[in-house]
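Peer 1: Here is my input; please provide its structure:
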Amino acid sequence: MKKKVLIGVLAILGVGLTCCGYLVYRQKQSYQQYIPKNASTLFRVNVDALLRSIAWNAVLNPGYYFDSDKKKHKKSFDLGDSGLHIPANIFFFTIEPDDATFFSVFSIDDFDELQCYTKNILGISKLQTVDSLVFQGTAFNGKLCLMFTKDRLALCVSASKVEKFNLLRSLIRQEGSMTTVEQSPFYEAIKTQHELVYTDGASIIDADFGRGSLSLSGDIKTALVKGVKRLYPKQFESNSLIKFWLAADITPLLARQRKFFEKHHIPVDTLLRYYGTYMDLEWKKNLTLQQDTIITYDYNDNFERVEQRVVRKERVPEIYLSFQASPHLANYLPKQLFYKFQHESRADRLFFGTGRKYQQSNRDHLSNDFFYLYIDSKGLRNQGNYPLLPPSFKRLEKMEFSAQKLADEHIHLDGKLHFENSSVNGLVQLLRGN
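Peer 2: Residues are numbered from 1 along each chain as shown. Below you'll find the predicted structure:
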């Protein structure tokens, strides 16, 4: 009997060691993937770590996962069904001078399955044939662009429409100066146990999904935001839905990202001239009553034009925004942004609000956070009267971020997202948010 138990224990140990060895091998092999030598940033997704986390979570919450499978959407973006070879780590990189477009390269395990995936899941009804062995297409309104041969696929993704087929072709063929991830200058920064890691060589941000959460932390080197060391921030109401402050010189950021801000109708030159170094925002839980008089014209029985006035009352969220700025700034900011805003100025402060309860009360203790953001997204959804959040945020309950100045050009960032189900892995809830 003891002999059989011993054999069983040794067998289990043998299987465990074999699995561990295989996972270590997968990790090592994944770092042999090639990236361009002129890559400016690298984002690593630790697939094996994510799958382990989800697997353990499924063991602890079988009911949720089985129910989710029954209600699963017809369209699934599961890369396991894509025909691609999925390594232990997937790497996305940007290439100078474009830091807004991320590229990645995959090997192909099943070409026919990949074609079905691009058509049925990505919605690319017709791939363009570049030549007899190269295919290309775009999805999501041009924000995803891909090109593939029989054995390799390259893709790029951006927040706006992008076409980088020439670059994708060179990545598939491994043209130009290439290096493995292991030999790149990013290797030391990304070889951590974290599930997600982003680095540009000088800064690093890592993130991990947990039970009902996503936690992130980062050390950032930048000269674009110059935060203060300490401050007495605004005293918010405890149940407010959004709480935000920023105590920093952001003029270098405004100047550097001028095109981005102007694209979104933000007057950069005006802000550079009049804005100070502090702003805060509070979105309260309660609503406030706004009253407008609408003037229309009609004709009476004598065909005389008559003015008609209708008073319209509407309950809207109570929102307050304040700036340290010159009063002249008020003349350049919109008075209507989703809701009607009123304003007033006191000394070097500008106040905007959907209500009139402007306050300047500050906390009675110092804070080391030059930046703070809290969003009660569940409360916003319950309130109902707000600009729509992205569909993927439907299961998000709240989020909180803060940043501290460590030294010149060095910032430490912390953040956490909380999902509605505190027991289920945050990534699973995020992917099934809609």
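
Peer 1: how near is residue 266 to residue 328?
Peer 2: 16 Å (C-beta to C-beta, to the nearest Å). Just so you know, the C-beta spots here come from the backbone N, C-alpha and C atoms, and that holds for glycine as well.

Peer 1: same deal with residue 202?
Peer 2: Residue 202 is 37 Å from residue 328, by C-beta to C-beta.

Peer 1: do residue 134 as well
Peer 2: 57 Å.

Peer 1: just residue 430 next, same as before
Peer 2: Counting by C-beta to C-beta, the gap from residue 430 to residue 328 is 43 Å.

Peer 1: try residue 183
Peer 2: 54 Å.

Peer 1: cool, and residue 339?
Peer 2: Counting by C-beta to C-beta, the gap from residue 339 to residue 328 is 23 Å.

Peer 1: So which of the two has more stuff around it?
Peer 2: Using other C-beta atoms under 10 Å as the criterion, residue 339 and residue 328 rank with residue 339 on top: 17 against 12.

Peer 1: For the more buried one, name its beta-bridge partners.
Peer 2: Counting by DSSP bridges, residue 339 forms beta bridges with residue 337.

Peer 1: thought it was touching residue 318?
Peer 2: No: with contacts counted by C-beta atoms under 8 Å, residue 339 stays clear of residue 318, the gap being 9.7 Å.

Peer 1: Find residues that contact each of these two.
Peer 2: Residues touching both residue 339 and residue 318 by C-beta atoms under 8 Å, 6 or more residues apart in numbering: residue 354.

Peer 1: ok, so what distance separates residue 185 from residue 172?
Peer 2: 24 Å.

Peer 1: what's near enough to touch residue 112?
Peer 2: residue 83.

Peer 1: Model confidence at it, what's the number?
Peer 2: If you check residue 112, the pLDDT there is 90.

Peer 1: Backbone dihedrals for it, please?
Peer 2: phi -70, psi -40 (degrees, to the nearest 10).

Peer 1: And the strands in the stretch 301-434 of the chain?
Peer 2: Ranges of strands in the stretch 301-434 of the chain, per DSSP state E, counting those that start in this stretch, are 305-325, 336-337, 339-340, 342-346, 349-353, 369-375, 396-407, 410-419.

Peer 1: mean pLDDT for those strands: which is lowest?
Peer 2: strand 336-337 (a mean of 66).

Peer 1: mind listing the strands for the stretch 101-250 of the chain?
Peer 2: So, for the stretch 101-250 of the chain - with DSSP E, counting those that start in this stretch - the strands run 128-131, 134-139, 144-148, 152-158, 178-180, 196-199, 204-210, 213-221, 226-227, 242-249.

Peer 1: Now render these as CSV, adding mean pLDDT, mean neighbour count and distance to residue 372.
Peer 2: Shown next, in CSV, are the strands of the stretch 101-250 of the chain (pLDDT from 0 to 100; neighbours: other C-beta atoms under 10 Å; distance: least, C-beta to C-beta, whole Å):
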stretch, mean pLDDT, mean neighbour count, distance to residue 372
strand 128-131, 82, 10, 48
strand 134-139, 88, 18, 37
strand 144-148, 93, 23, 34
strand 152-158, 93, 21, 29
strand 178-180, 92, 14, 40
strand 196-199, 97, 20, 22
strand 204-210, 96, 20, 18
strand 213-221, 96, 17, 15
strand 226-227, 92, 19, 11
strand 242-249, 95, 20, 5
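
Peer 1: Using JSON lines, lay out those together with distance to residue 417.
Peer 2: Formatted as JSON lines, the strands of the stretch 101-250 of the chain follow (distance: least, C-beta to C-beta, whole Å):
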{"stretch": "strand 128-131", "distance to residue 417": "38"}
{"stretch": "strand 134-139", "distance to residue 417": "26"}
{"stretch": "strand 144-148", "distance to residue 417": "24"}
{"stretch": "strand 152-158", "distance to residue 417": "21"}
{"stretch": "strand 178-180", "distance to residue 417": "33"}
{"stretch": "strand 196-199", "distance to residue 417": "12"}
{"stretch": "strand 204-210", "distance to residue 417": "9"}
{"stretch": "strand 213-221", "distance to residue 417": "4"}
{"stretch": "strand 226-227", "distance to residue 417": "22"}
{"stretch": "strand 242-249", "distance to residue 417": "15"}
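
Peer 1: and residue 109, which of those is closest to it?
Peer 2: strand 152-158 (10.7 Å; C-beta to C-beta).

Peer 1: quick one: the longest strand seen in the chain to strand 349-353, angle?
Peer 2: If you go by DSSP state E, the chain has its longest strand at strand 275-299. Counting by axes from the mean of the first three to the mean of the last three C-alpha atoms, to 10 degrees, strand 275-299 lies at 40 degrees to strand 349-353.

Peer 1: No more questions from me, cheers.
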